[in-house]
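Asks: What follows is a predicted protein model with its sequence.
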Amino acid sequence: MAAASHRRSLRKRRTLAVSAAVVAAGVGAGVFVMNANATAADLYHQTLAAKDGWAASGTGTTGGAKADSAHTFTVSTRAQLVKALGSASDTTPRIIKVKGTIDANTDDSGKKLTCADYAKGTGYSLSAYLKAYAPATYGRSKLPSGTQEKARAAAQQNQAKNVVLKVPANTTIVGVPGTKAGITGGDLTVKGVDNVIIRNLTFSATEDCFPQWDPTDGDKGNWNSQYDTVTLRGATHVWADHNTFTDAPHFDSATPHYYGRQYQVHDGDLDITNGSDLVTVEHNQFTDHDKTMLIGSSDKDSTGKLRVSIHHNVWKGIVQRAPLARIGQIHVYDNLYDTTTVDGYAPLYSINSRAKAQVVAQNNVWKVPSGGKVAQLLSGDGTGSIAGSGNLVNGTATDLVAVYNAANSKKIKTTVNWTPTLTAGLESSVKNLPAELATTTGAGVLK
């Protein structure tokens, strides 16, 4: 993606299964459906509760809950994960239990792979690339082309073969509790498939070894990278729950600048694009990242889709896109936004509504440090809408749109064309929300 120019209390209230699936829910609780065929409400067979956001719409989201023993896997290496995922076109229900941290930048034998390994045989070198496309000699009017750009693209494809992990339909991927489960350096891609659950995982250090220089991106050009940590493209019925997303240990502040611009090796954390639809993102932690969540790949993405619910997440140390929303109907509720600068990640804005997006923001809490500007918590292009109420800034009820509009010429609209009804867990009071979310969000919480 081009650079922008511009995670409640888990009250353990459960209902025993008396039919095929029974909803267990509580006010502000981590809601789920218990599979009646499971002997207990185990983490791996839990499915999304009725009314828990857009992913509960229609057929709901059950992931691999119906998987048989032959399609239930425990994995701890990249090679094992790839084998468990199988073909992206295979719709057989499967459950994948991730034990420990999997490094996507390893070969089938487990050997660590470096950027130099991916570049081997392509002819690419960063020094040669920088020399070939220096603005002073190459100019700023066109994208790089020629020998070094072809070499860069080839090296990037070599890396993609390792780090892009394609998820098939009817899949549940869950971190095994107590094992520090996660994926480092990977891009978990859910493309053109339905019914996927991703839970209890730490995603870290997804990095592109070979960013592309684009002198036409913005006034000064930008380095643009591939690989979101989790990518949804044309995906439907996806539940992302209790995960942690972070650039750690390699922060943007440690990357060099070339041509006067940061050599950006990170793209999105969780991007929902290309007509993706019916997605619920809840109880996650997003930290130490720039372009965090993109909904809609462009202003011409799919009308009638991009319906996403985002609730009970913690956003701290993120720069922007929490989310950046285009076109769709997005419900953002009971989230905590801490706009303190962390590890060099200074905030630009939290929510951006553009391209006629219809955002409802309810009962969210912002912590803004001294000197922070409330007018900069939102952003827009003059066509998007943000409705809703009950949002607090430093404990005070605040009309964020009114504050933004008073300071900007491109106004955010205040009415939307839909009313949220899939609102499980919507809290009537957010007074204690920050304290609750501090211990009930992110990877490692689920048992």
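Replies: Okay, I see it.
Asks: CA atoms only: put the host helix or strand of residue 95 into CSV for me.
Replies: Using DSSP states H and E, the element containing residue 95 is strand 94-98. Taking C-alpha atoms only, strand 94-98 is exported to CSV below (Å, rounded to 0.1, in the frame of the first residue of the first chain):
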residue,chain,number,x,y,z
ARG,A,94,-9.3,-27.3,9.7
ILE,A,95,-8.0,-26.3,13.1
ILE,A,96,-4.4,-25.1,13.3
LYS,A,97,-2.9,-24.8,16.8
VAL,A,98,0.2,-22.6,16.8
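Asks: who does it pair up with?
Replies: Strands that pair with strand 94-98, judged by DSSP bridges, come out as strand 72-75 (parallel), strand 171-175 (parallel).
Asks: I'd like those strands as TSV, with mean neighbour count appended.
Replies: Quick note: C-beta positions are derived from backbone N, CA and C, even for glycine. Output for the strands paired with strand 94-98, formatted as TSV (neighbours: other Cβ atoms under 10 Å):
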stretch	mean neighbour count
strand 72-75	18
strand 171-175	28
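Asks: ok so, going back, in its sheet, which strands sit next to the helix or strand just after the strand holding residue 95, and in what direction?
Replies: Towards the C-terminus, the helix or strand next in line after strand 94-98, according to DSSP H and E, is strand 101-103. According to DSSP bridges, strand 101-103 has the following sheet partners: strand 182-184 (parallel).
Asks: List the buried residues for the partner strand?
Replies: Of the residues in strand 182-184, those scored as buried under the neighbour-count criterion (16 or more other Cβ atoms under 10 Å) are 182, 183, 184.
Asks: any idea how far residue 89 is from residue 305?
Replies: Relative to residue 305, residue 89 is positioned 22 Å away (Cβ to Cβ, to the nearest Å).
Asks: helix or strand for residue 145, which one?
Replies: If you go by DSSP H and E, residue 145 is not part of any helix or strand.
Asks: So what's the residue count around it?
Replies: As a burial measure, residue 145 scores 11 neighbours (other Cβ atoms under 10 Å).
Asks: Kindly report the same for residue 53.
Replies: By other Cβ under 10 Å, 29 other residues sit near residue 53.
Asks: Mean pLDDT and distance to residue 209 added to the strands paired with strand 94-98, as TSV?
Replies: What follows is the strands paired with strand 94-98, written out as TSV (pLDDT from 0 to 100; distance: least, Cβ to Cβ, whole Å):
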stretch	mean pLDDT	distance to residue 209
strand 72-75	98	24
strand 171-175	98	25
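Asks: Export these as TSV, with columns for distance to residue 214.
Replies: Output for the strands paired with strand 94-98, formatted as TSV (distance: least, Cβ to Cβ, whole Å):
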stretch	distance to residue 214
strand 72-75	37
strand 171-175	33
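Asks: Name the residue closest to the centre of this structure, please.
Replies: Nearest to the centroid of the C-alpha atoms of the chain, with distances taken as Cα atoms, centre = their mean, sits residue 270, at 1.7 Å.
Asks: show me what contacts that one?
Replies: Remark: with contacts taken as Cβ atoms under 8 Å, 6 or more residues apart in numbering, residue 270 is in contact with 228, 229, 230, 232, 240, 245, 281, 284, 286, 292, 293.
Asks: Among these, which ones are in strands?
Replies: In strands, judged by DSSP state E, the following of these are found: 230, 232, 240, 245, 281, 286.
Asks: picking that back up, go through the contacts of residue 270 and name the one nearest residue 191.
Replies: Lowest distance from residue 191 to the contacts of residue 270 (Cβ to Cβ) belongs to residue 232, with 7.8 Å.
Asks: Distance of the residue nearest to the centre of the chain relative to residue 63?
Replies: Using Cβ to Cβ, one obtains 17 Å as the distance from residue 270 to residue 63.
Asks: cool, residue 390 as well?
Replies: The span separating residue 390 from residue 63 equals 32 Å under the rule Cβ to Cβ.
Asks: neighbour count winner among those two?
Replies: Using other Cβ under 10 Å, the more surrounded residue of residue 390 and residue 63 is residue 63, with 29 against 18.
Asks: circling back to that earlier point, list buried residues within the contacts of residue 270.
Replies: Neighbour-count burial (16+ other Cβ under 10 Å) is assigned, among those, to 228, 229, 230, 232, 240, 245, 281, 284, 286, 292, 293.
Asks: closest to residue 435 among the residues you listed?
Replies: Closest approach to residue 435 among the buried ones among the contacts of residue 270 (Cβ to Cβ): residue 284, at 17.7 Å.
Asks: Surely that closest one touches residue 445?
Replies: No. If you go by Cβ atoms under 8 Å, residue 284 and residue 445 don't touch, sitting 10.4 Å apart.
Asks: between those two, what contacts are shared?
Replies: By the contact definition Cβ under 8 Å, 6+ apart, residue 284 and residue 445 are jointly contacted by residue 242.
Asks: between residue 89 and residue 305, which one's more packed in?
Replies: Using other Cβ under 10 Å as the criterion, residue 89 and residue 305 rank with residue 305 on top: 19 against 10.
Asks: how about that one, secondary structure?
Replies: Local secondary structure at residue 305 is given as coil here, using DSSP: H, G, I helix; E, B strand; the rest coil.
Asks: show me what contacts the closest residue to it other than its chain neighbours?
Replies: Among residues not flanking residue 305 along the chain, residue 277 sits closest, at 4.0 Å (Cβ to Cβ, 6 or more residues apart in numbering). By Cβ under 8 Å, 6+ apart, the contact list for residue 277 reads 54, 235, 236, 302, 305, 306, 307, 328.
Asks: same thing but 10 Å
Replies: Applying Cβ atoms under 10 Å, 6 or more residues apart in numbering, we find residue 277 in contact with 54-55, 57-58, 194, 232, 234-238, 302, 304-308, 328-329.
Asks: same deal with residue 324?
Replies: Neighbouring residues of residue 324 by Cβ under 10 Å, 6+ apart: 1, 4, 6, 268, 271, 291-296, 349-355, 357, 379-380, 384.
Asks: Report back the residue of this protein that's furthest from centre.
Replies: Going by Cα atoms, centre = their mean, no residue of the chain lies farther from its centre than residue 137, which is 38.0 Å away.
Asks: In terms of helices and strands, where is that residue?
Replies: Using DSSP H and E, residue 137 sits within helix 135-138.
Asks: for residue 80, same thing?
Replies: Under the criterion DSSP H and E, the helix or strand holding residue 80 is helix 78-85.
Asks: Show me the contact partners of that helix.
Replies: Residues from elsewhere that reach helix 78-85 (Cβ under 10 Å, 6+ apart): 71-75, 77, 94-99, 102-110, 113, 162-163, 165-168, 171, 173, 183, 185-186, 188.
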